[in-house]
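Student: fold the following for me, if possible:
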Amino acid sequence: MSDEASNLEFRPRAAGAVLGFPTHEGRPGALGEVHARPYPLVEGPRVLVQLSFMTEAGSSVDHAVLSELSRRLGIAAPDRQARHHAMKWGTGTLRWERHTEFSTYLWEGMLGKSGPRQEDSPFGNGFSPPGTVISGIRLEIRKWTPAAEKLIANFDPTSLCYSLVEHGKAAIVTDFRQDGDGLTRMLVLDRGLTPASTGALSQRLIDIETYRTLAVLGLPLALSLSARVRRIEDRLATITREMKDTDARDSHALLADLTELAAELEADAAASLYRFGASRAYDGIVRERLEALDEEPVPGHDTWAGFLQRRVAPAMRTCRSVEERQANLSRKLTRATTLLRTWVDVEVEKQNRDLLASMNNRARLQLRLQQTVEGLSVAAVSYYVVGLIGYLAKGGASAFGHAFSPEAVTAAAVPVAVLAVWWGVRRIRHSHSETGKAAGE
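Tutor: This next block holds a predicted model:
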């Protein structure tokens with residue numbers, strides 16, 4: 001690897017103008033993204049050790065680790081907004097990259113005859129991990145010699161993956177097993193690769209192991225959700241059977257059950273949305289890297305693509321299956337809830353119709369009672385009015401020397417009083433009716 005500082009710093013060049021014209025503010029970032037992750041120039045024999053850490057706490061923990069490492073080296077720490085950084089470390093180079101939910105620390109150094117020396121790696125005493133380790137890889141790049149070829153025997157033959165790449169210029173070997181340090185072992189046998197090709201190949205191999213581990217993180221969640229989805233499916237089938245029984249159906253209770261099931265399902269779907277989406281994305285990266293290898297099989301051995309297709313593809317299908325079951329079940333719950341709510345609305349409308357009919361009957365009875373009361377009130381008021389007229393007639397007859405008969409006057413006043421009282425009550429009732437109509441409008 002070149003020792004020049006320009007090869008260690010991933011910094012996009014500023015682009016303030018093009019032919020004197022002002023540029024868009026996002027142009028420097030868009031141009032720099034193409035060169036944000038260059039392949040290292042690797043010339044064997046070398047060893048690459050990468051650790052991937054889950055860093056849900058954000059980039060602040062990574063910045064603290066890098067600041068401590070930079071302090072130990074006596075160099076400036078990277079900017080807080082940086083997403084990648086490189087620094088010299090011993091006889092090699094340490095590269096850091098920040099991803100969405102994890103970060104990687106890749107150390108590339110010399111490979112001695114007896115193997116990598118642990119004291120050369122930064123992952124020894126004094127290294128504070130930014131999170132829990134999700135992936136660890138040790139990749140050795142050796143010249144293809146008979147002695148190096150004998151190292152293939154150190155891998156587990158039950159899961160050995162051995163194939164040729166780069167048109168036969170290199171062989172890649174792994175068993176996806178972990179050594180005593182918990183690192184996945186990989187071996188590249190080189191017989192004519194350029195430093196650029198070696199760096200690109202090593203990066204692809206490391207990406208395959210890192211992202212296939214991250215992709216399978218969705219499997220435990222899928223297995224735990226599968227039983228819960230099955231329970232909701234069974235309960236939905238029971239509710240739909242009960243909905244068919246119109247005689248014993250309790251629509252309100254069934255609607256409450258459906259709402260509870262829908263809430264539980266949506267909570268599980270929301271909790272698994274990111275994990276399943278990330279698993280799909282990681283699996284897509286793994287397949288892209290495997291296609292880029294363009295492997296040539298070695299007789300009697302599995303290729304990397306063939307092995308991972310058999311082992312990882314079922315896990316991805318399980319995740320997709322659970323996700324699709326959640327989506328289909330959500331649609332079914334929505335349809336059942338809509339149907340049941342329609343029945344509830346119909347029942348409520350029937351109850352409202354019966355209530356309005358009952359109110360009409362009560363209003364009719366009240367009107368009849370009111371008419372009866374009005375008749376009685378006319379008779380009662382007329383009786384008092386006629387009585388008053390009788391007293392006046394008797395007093396007038398006494399005053400005028402009994403010039404007329406009080407009884408005749410009282411008798412003549414009866415129909416007049418009754419008609420006057422009836423007309424007055426009718427006017428009052430009509431005025432109240434008009435006031436009520438005006439208020440209603």
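Student: show me where the stretch 201-350 of the chain has strands.
Tutor: For the stretch 201-350 of the chain, the strands defined by DSSP state E, counting those that start in this stretch cover 296-297.
Student: domain-wise, how is the chain divided?
Tutor: Split into domains by automatic domain parsing, the chain comes to 38-215, 218-294+302-354, 365-432.
Student: ramachandran angles for M110?
Tutor: M110 adopts backbone torsions of phi -70, psi 150, taken as degrees, to the nearest 10.
Student: swap that for G92, sorry
Tutor: Taking degrees, to the nearest 10 as the convention, G92 sits at phi -130, psi -150.
Student: do the one 10 residues further on as well
Tutor: Phi and psi for F102, reported as degrees, to the nearest 10, are phi -150, psi 170.
Student: per-residue confidence at it?
Tutor: As predicted, F102 sits at a pLDDT of 92.
Student: list the contacts of it.
Tutor: F102 sits next to S52, F53, M54, T55, G131, I134, L214 when contact means Cβ atoms under 8 Å, 6 or more residues apart in numbering. In this view, the C-beta of every residue, glycine as well, is placed from N, C-alpha and C.
Student: could you redo the last one with a cut-off of 6 Å?
Tutor: Residues in contact with F102 (Cβ atoms under 6 Å, 6 or more residues apart in numbering) are S52, M54.
Student: equivalent analysis for A77, please.
Tutor: Residues near A77 by Cβ under 6 Å, 6+ apart: L66, S67, S70.
Student: would JSON lines of those residues with neighbour count, secondary structure and distance to L258 be doable?
Tutor: Compiled in JSON lines, those are given as follows (neighbours: other Cβ atoms under 10 Å; DSSP: H, G, I helix; E, B strand; the rest coil; distance: Cβ to Cβ, whole Å):
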{"residue": "L66", "neighbour count": "22", "secondary structure": "helix", "distance to L258": "52"}
{"residue": "S67", "neighbour count": "14", "secondary structure": "helix", "distance to L258": "54"}
{"residue": "S70", "neighbour count": "15", "secondary structure": "helix", "distance to L258": "58"}
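Student: of those residues, which is the nearest to L293?
Tutor: L66 (31.4 Å; Cβ to Cβ).
Student: returning to what we had before: mind checking which of the domains of the chain is nearest A17?
Tutor: Nearest to A17 among these is domain 38-215 (23.7 Å), distances taken as Cβ to Cβ.
Student: rewinding a little: and the domains of the chain, which is most packed in?
Tutor: Of all the domains of the chain, domain 38-215 carries the top mean neighbour count, a mean of 17, counting by mean count of other Cβ atoms under 10 Å.
Student: need the domains of the chain in TSV (columns: distance to R27).
Tutor: Below are these laid out as TSV (distance: least, Cβ to Cβ, whole Å):
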stretch	distance to R27
domain 38-215	18
domain 218-294+302-354	26
domain 365-432	80
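Student: what is the lengthiest strand in the chain packed up against?
Tutor: Longest strand in the chain by number of residues (criterion: DSSP state E): strand 132-143. If you count contacts as 3 or more Cβ pairs under 6 Å, 6 or more residues apart in numbering; DSSP states H and E, strand 132-143 packs onto strand 46-54, strand 184-190, helix 195-215.
Student: make TSV out of the ones you listed and add mean pLDDT and distance to H84.
Tutor: What follows is these, written out as TSV (pLDDT from 0 to 100; distance: least, Cβ to Cβ, whole Å):
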stretch	mean pLDDT	distance to H84
strand 46-54	93	14
strand 184-190	94	22
helix 195-215	94	13
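Student: D156: which of those is closest?
Tutor: D156 lies closest, by Cβ to Cβ, to one member of the helices and strands packed on strand 132-143: strand 184-190, at 9.4 Å.
Student: give me the contacts around that closest one.
Tutor: Defining contact as Cβ under 6 Å, 6+ apart, one finds that strand 184-190 is touched by 44, 137-141, 143-144, 148, 170-174, 178-179, 205, 209.
Student: list the strands paired with it, with their directions.
Tutor: With DSSP bridges as the test, strand 184-190 is paired with strand 132-143 (parallel), strand 170-178 (antiparallel).
Student: one step back: how about the helices and strands packed on strand 132-143 in TSV, adding distance to A253?
Tutor: Shown next, in TSV, are these (distance: least, Cβ to Cβ, whole Å):
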stretch	distance to A253
strand 46-54	44
strand 184-190	55
helix 195-215	43
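Student: and of those, who's closest to Y391?
Tutor: Counting by Cβ to Cβ, Y391 lies closest to strand 46-54 out of these; the figure is 107.1 Å.
Student: next, the angle from the closest one to helix 195-215.
Tutor: 30 degrees (axes from the mean of the first three to the mean of the last three Cα atoms, to 10 degrees).
Student: what's the end-to-end length of stretch 209-223?
Tutor: Length of stretch 209-223, first residue to last, Cα to Cα, to the nearest Å: 22 Å.
Student: re earlier: what mean pLDDT would you report for the helix or strand just after the longest strand of the chain?
Tutor: The element immediately downstream of strand 132-143 (helix or strand, assigned by DSSP states H and E) is helix 146-149. The pLDDT scores in helix 146-149 average 92.
Student: stretch 216-224 too?
Tutor: 94.
Student: ok, stretch 111-118 next?
Tutor: 60.
Student: try stretch 319-332
Tutor: The average pLDDT within stretch 319-332 is 94.
Student: show residues contacting that stretch.
Tutor: Outside of stretch 319-332, the residues that reach it under the criterion Cβ under 6 Å, 6+ apart are G218, A222, L225, S226, V229, L265, A269, F276, S279.
Student: farthest pair within those?
Tutor: Across these, the longest distance by Cβ to Cβ is 19.7 Å; it joins L265 and S279.
Student: closest to P22 out of the helices and strands packed on strand 132-143?
Tutor: Nearest of the helices and strands packed on strand 132-143 to P22, taken as Cβ to Cβ: helix 195-215 at 35.6 Å.
Student: quick one: which of the contacts of A77 is nearest W343?
Tutor: Using Cβ to Cβ, the contacts of A77 come closest to W343 at L66, 63.1 Å.
Student: which SS state does A82 fall under?
Tutor: coil (DSSP: H, G, I helix; E, B strand; the rest coil).
Student: angles on the backbone of it, please.
Tutor: Here is the backbone geometry of A82 (degrees, to the nearest 10): phi -70, psi 150.
Student: now the strands for the stretch 1-150 of the chain?
Tutor: Under DSSP E, counting those that start in this stretch, the stretch 1-150 of the chain gives strands at 17-18, 21-22, 46-54, 84-89, 92-98, 102-110, 132-143.
Student: please list the outside residues in contact with the last one.
Tutor: Contacts made with strand 132-143 from outside it, assessed by Cβ under 6 Å, 6+ apart, are listed as 44-54, 111, 148, 182-188, 190, 202, 206, 209-210, 213.
Student: I am finished for the moment; much appreciated.
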